[in-house]
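> Quick one, fold the following:
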Amino acid sequence: MCNLYSITTNQAAIVALSRVVRPPPPNRTRRPRIIAMPRTVVLLIFLMMPSHAFAQMVGDQRCKDQQFTSVQVDGIIKSIRWVINSVEAVPPDEAEYMRTEARTALELRNRARFNAVASRRYYPALQFHDDAKVVMDNVTTARSAAGRDLARLLVVVLGRLVDMNHRMHEYIDADGKRNAPVLTQKNRDTMYFNLPVAKDQTVSLLQCVISVL
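Residues are numbered from 1 along each chain as shown. Purely as a prediction, here's the structure:
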């Protein structure tokens, strides 16, 4: 259920920003300012995003039941798979080559060699799929867990969703620079929608599990 306070607060923030931010002068390009933030800060921001889809689950005694929570985890898995299925698959031989080359380049501290790997067509997709696999491994394990073990796994999933979200945006940006992008607007919409949904579902289930420990 949507929180009225969060809506009015967000609307107030938008109004306030609209009074401060002014458009750049005509015929002048403004370069985006990129600020690197520590991973812990990114995680906190990600977790503080509104989570309303299953807010009513807090205190629900069914969250003690592994069969009930496994159904909720299946919903998380479904949302994540929508995102994964939108990203092109990497040919196995190419994936193995890039992993080996990147690892060797880092061990040798050879920047030119690493950049050569990072510039390959499938590199952004490989990074995305590698992070997505870690998420899926943990959330799949969570399906058969309960109680504190389930809570611990859900915390890991949330942290890994931050990495997956970062890789997703990197892939979308890289694909958009191609002469013939792979992603359609529908693909991008699916990704932008379903990853926050997966986060929302995970937070809500985690809150429910913790509330009945």
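> check contacts around the residue nearest to Gly147 when sequence neighbours are not counted.
Counting by C-beta to C-beta, 6 or more residues apart in numbering, the nearest residue to Gly147 once its immediate chain neighbours are dropped is Leu213, at 6.5 Å. From N, CA and C alone the C-beta is placed, and that goes for glycine too. Contacts for Leu213 were tallied using C-beta atoms under 8 Å, 6 or more residues apart in numbering; they are Gly147, Arg148, Ala151.
> Can you flag the buried ones in those?
Under a neighbour-count criterion of 16 or more other C-beta atoms under 10 Å, the subset of those counted as buried comprises Ala151.
> Val157: which of the contacts of Leu213 is nearest?
When the contacts of Leu213 are ranked by distance to Val157 (C-beta to C-beta), Ala151 comes first, at 10.7 Å.
> what residue lies at the spatial centre of this structure?
Ranked by distance to the mean C-alpha position of the chain (C-alpha atoms, centre = their mean), the top residue is Asn165 at 2.6 Å.
> Return the list of helices and strands in contact with the helix or strand where that one lies.
Asn165 is part of helix 147-176 when elements are defined by DSSP states H and E. Where contact means 3 or more C-beta pairs under 8 Å, 6 or more residues apart in numbering; DSSP states H and E, helix 147-176 is packed against helix 39-48, helix 66-84, helix 123-142, helix 185-211.
> mind redoing it with 6 Å?
Packed against helix 147-176 by the contact rule (3 or more C-beta pairs under 6 Å, 6 or more residues apart in numbering; DSSP states H and E) you find helix 39-48, helix 123-142, helix 185-211.
> for this structure, what are the low-confidence residue spans?
Screening the chain residue by residue with the criterion pLDDT under 70, one finds the ranges 1-56.
> now with 90?
Across the chain, residues meeting the criterion (pLDDT under 90) sit at 1-60.
> that older thread, do you know how far the residue nearest to Gly147 is from Leu205?
13 Å (C-beta to C-beta, to the nearest Å).
> same question, Asn194
Counting by C-beta to C-beta, the separation of Asn194 from Leu205 is 16 Å.
> the more surrounded of those two?
Shown here are Asn194 and Leu205; by other C-beta atoms under 10 Å, Leu205 has more neighbours (23 against 19).
> Could you verify my assumption that that one touches Val71?
No. Leu205 is not in contact with Val71 according to C-beta atoms under 6 Å; the separation is 10.2 Å.
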